[in-house]
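S.K.: Following is a predicted model, sequence given first.
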Amino acid sequence: MQTTTVIRRTPEGWQRRTQLDFDRLIAMEKSVAAATRTPTNISIVYDYWQSRKHAGAVRLKDFSPVRDLGELGVTITHVDIDVDNPWHYRFTSYKGLYFGWMNGKCLADFPLTPVIDECALEYFECKSARRPVAHHIQHDLNGFSRDYLRLLLPLAGSDGSPKALVSVGRHLAIQGHDESSQAIRRGWTKP
């Protein structure tokens, strides 16, 4: 698979989203883990997801890394995708320092409007392909800047069709103690 990059400029700022070759992302995460002697959150969750796979799919009811592995110290966001319209996909567990109030809300409710359409397409692609999808995402929107890798993993319902996604991110920018990126002012993203 070739990588694809989309760059958009809006009145709010800019974003660059690159779809990554999934196998290369996993190889890179394993290399980082080998060099640091600490697995990355992406590799931890991916390995767990792989271990839960039966008949080519991971069932939503079988995916509970905190239950099975204990507190991982990683951010895992769950998205209910059991509707046709990707803008109506619902965050059932939105973790992280910012946007925690998105629990139970739809993608269309996300406060950074330029991100919504791109996420809708990426989530829909993961749902349709029924396979992991990886991205390198960079943006500076109204002073909210991030540079991170994101892995999307599909979870199936009892009938085998995709019902949820799991999103795992690894920030590439140097992080402050209580920030996801140095450019983010604490509290700025609260409603």
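M.R.: Thanks, I have the structure now.

S.K.: Show me the strands in this structure, by range?
M.R.: 4-10, 13-20, 76-80, 90-93, 133-141, 144-156, 162-171 (DSSP state E).

S.K.: Which of those strands has the lowest mean pLDDT?
M.R.: Per-stretch mean pLDDT for these is lowest at strand 4-10 (a mean of 87).

S.K.: in this structure, which spans are helices?
M.R.: Remark: helices assigned in the chain by DSSP state H are 22-36, 41-51, 65-69, 113-129.

S.K.: nearest to L172, of these?
M.R.: Closest to L172 of the helices of the chain is helix 22-36 (C-beta to C-beta; 10.5 Å). Where C-beta positions appear, they are placed from N, C-alpha and C, glycine not excepted.

S.K.: any residues touching the closest one, and which ones?
M.R.: 1, 39-40, 42-43, 46, 131-134, 149, 151, 170 (C-beta atoms under 8 Å, 6 or more residues apart in numbering).

S.K.: Spatially central residue in this protein, please.
M.R.: S167 (2.9 Å; C-alpha atoms, centre = their mean).

S.K.: ok, now which ones touch the residue nearest to that residue when sequence neighbours are not counted?
M.R.: Nearest residue to S167, sequence neighbours excluded (C-beta to C-beta, 6 or more residues apart in numbering): T77, at 4.3 Å. Counting by C-beta under 8 Å, 6+ apart, T77 touches 91, 93-96, 166-168.

S.K.: If we use 6 Å, what do you get?
M.R.: T77 makes contacts with 94-95, 167, as judged by C-beta atoms under 6 Å, 6 or more residues apart in numbering.

S.K.: need the contacts of helix 22-36 in a markdown table with distance to G70, can you?
M.R.: Below are the contacts of helix 22-36 laid out as a markdown table (distance: C-beta to C-beta, whole Å):
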| residue | distance to G70 |
| --- | --- |
| M1 | 34 |
| P39 | 14 |
| T40 | 17 |
| I42 | 18 |
| S43 | 17 |
| Y46 | 17 |
| R131 | 28 |
| P132 | 23 |
| V133 | 27 |
| A134 | 25 |
| L149 | 24 |
| L151 | 20 |
| R170 | 20 |
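
S.K.: got those residues as TSV, with distance to A120 and neighbour count columns?
M.R.: Shown next, in TSV, are the contacts of helix 22-36 (distance: C-beta to C-beta, whole Å; neighbours: other C-beta atoms under 10 Å):
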residue	distance to A120	neighbour count
M1	21	10
P39	30	18
T40	26	20
I42	22	24
S43	27	21
Y46	23	23
R131	18	14
P132	18	20
V133	13	21
A134	17	27
L149	20	21
L151	18	26
R170	22	17
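
S.K.: Among those, which one lies nearest to L112?
M.R.: Lowest distance from L112 to the contacts of helix 22-36 (C-beta to C-beta) belongs to L149, with 18.3 Å.

S.K.: Check the gap between the nearest residue to that closest one once chain neighbours are set aside and E71 for me.
M.R.: Spatial nearest neighbour of L149, chain neighbours left out: R170 (4.8 Å); criterion: C-beta to C-beta, 6+ apart. Shown here: R170 relative to E71, a distance of 18 Å by C-beta to C-beta, to the nearest Å.
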